[in-house]
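Return a 3D structure for these sequence lines:
(one chain, ligands or ions: 4)
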Amino acid sequence: MDPAGMIDLHSHTDQSDGTLTPAELIGEAVRVGLNALSITDHDTFAGYDAALPFAEAAGLELICGIEVSTRYRGVSVHLLGYFPNQPPSEELRAWLSYLQEMRRERNVRLIAKLQSLGLDITLAEVETMGRTLTGRPHFARVLVEKGYAKDLQNAFDLYLDESAPGYVFRQEVPIEEAIERMLKSGGVPSLAHPVRVAKNNWEKLALWVEDLAGYGMRAIEVYHSDHSPENVAYYQSLAERFDLGVTGGSDFHGANKPKIALGSVAIPDDTLEKLKALVC
Ligand code: AMP
Ligand code: ZN
Ligand code: FE
Ligand code: FE
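Numbers count the residues shown, from 1 in each chain. Ligands and ions are numbered 1, 2, ... in the order given. Alright, predicted model coming up:
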């Protein structure tokens, strides 16, 4: 791959559950030689908004993106949204504020559950770390710092994973609503890391992707740090079969996922150009 054409369309700042500030993320993008980056924080554009002047100063093309957790057939499915041509509407931003409120309501219940398990942890402690976008990765950090778990993964395994004793349900939006809102705001909805959807059941995934394309989903994340070469080939075939666009990225989270480097996932040079053409 031509290093001058390197892009990464999936990354997180400390405005959601990454650890680099928006300015630091732009610095890292320049350092690794990216020429286009999308910030896809969970439920917020705050990282993108703050990074934009730094990207402009550095001559780096910054694509506005988002990642939301949605509900589909009883499971949690992450949906990416890209706004490459124009910034998203105020209406979409207001909807994100609503998602943030639902997240806070979950966090209140999660703290109560952890306290009921005998852990000494407060909402103020986790919110110091995660602010408005406090999520389970921030809970995991506090649990590690307090010696309740030996590392972040261990904190999930012991307390925070869906199968662990501390888990509490979070109200998530139906995926069709998220798709519709993104489309209405000039965005391109893309199915995030399909490897985590329908796990290794490839036939089921094909049925689901066909269904989601029927709802208006316009792309699928073919390239991702968690995807094997077999995964990539299969998701590429699904994109062709259902006439979907292709996105990809590292899903960089800084020190919260220390093994994943920005720009570490190879993506075809024309991916961004094709993505721009998908905007309705
Ligand atoms: P939240 O949106 O607050 O429920 O947190 C979800 C995030 O927690 C995901 O995006 C992952 O980064 C992380 N996560 C969820 N489950 C696990 C797990 N079992 N192991 C490690 N990280 C997880
Ligand atoms: Zn994340
Ligand atoms: Fe995700
Ligand atoms: Fe992500």
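
from here on, contacts and neighbour counts on C-alpha atoms
OK.

Which residues of the stretch 51-200 of the chain lie near ligand 1?
With Cα under 6 Å from any ligand atom as the criterion, the stretch 51-200 of the chain meets ligand 1 at residues Gly135, Arg136, Pro137, Gln153, Phe156, Asp161.

Tabulate those (TSV), appending distance to Ile7, neighbour count and secondary structure.
What follows is those, written out as TSV (distance: Cα to Cα, whole Å; neighbours: other Cα atoms under 10 Å; DSSP: H, G, I helix; E, B strand; the rest coil):
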residue	distance to Ile7	neighbour count	secondary structure
Gly135	27	20	coil
Arg136	28	20	helix
Pro137	26	21	helix
Gln153	28	18	helix
Phe156	31	21	helix
Asp161	32	16	coil
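
Determine which two of those residues are furthest apart.
Within these, Gly135 and Gln153 form the most distant pair, 14.3 Å apart (Cα to Cα).

Show me the helices in this protein, by range?
All helices of the chain, identified by DSSP state H, fall at 22-32, 46-58, 90-116, 123-130, 136-145, 152-155, 175-184, 202-215, 229-241, 271-276.

With just CA atoms, put the first one into PDB.
Only the C-alpha atoms of helix 22-32 are listed here, as PDB (Å, rounded to 0.1, in the frame of the first residue of the first chain):
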ATOM      1  CA  PRO A  22      -8.300  15.200  20.200                       C
ATOM      2  CA  ALA A  23      -5.100  17.200  19.600                       C
ATOM      3  CA  GLU A  24      -2.900  14.300  20.600                       C
ATOM      4  CA  LEU A  25      -4.800  12.000  18.200                       C
ATOM      5  CA  ILE A  26      -4.200  14.400  15.300                       C
ATOM      6  CA  GLY A  27      -0.500  14.500  16.300                       C
ATOM      7  CA  GLU A  28      -0.400  10.700  16.300                       C
ATOM      8  CA  ALA A  29      -2.100  10.600  12.900                       C
ATOM      9  CA  VAL A  30       0.500  12.900  11.400                       C
ATOM     10  CA  ARG A  31       3.300  10.900  13.100                       C
ATOM     11  CA  VAL A  32       2.200   7.600  11.600                       C
END
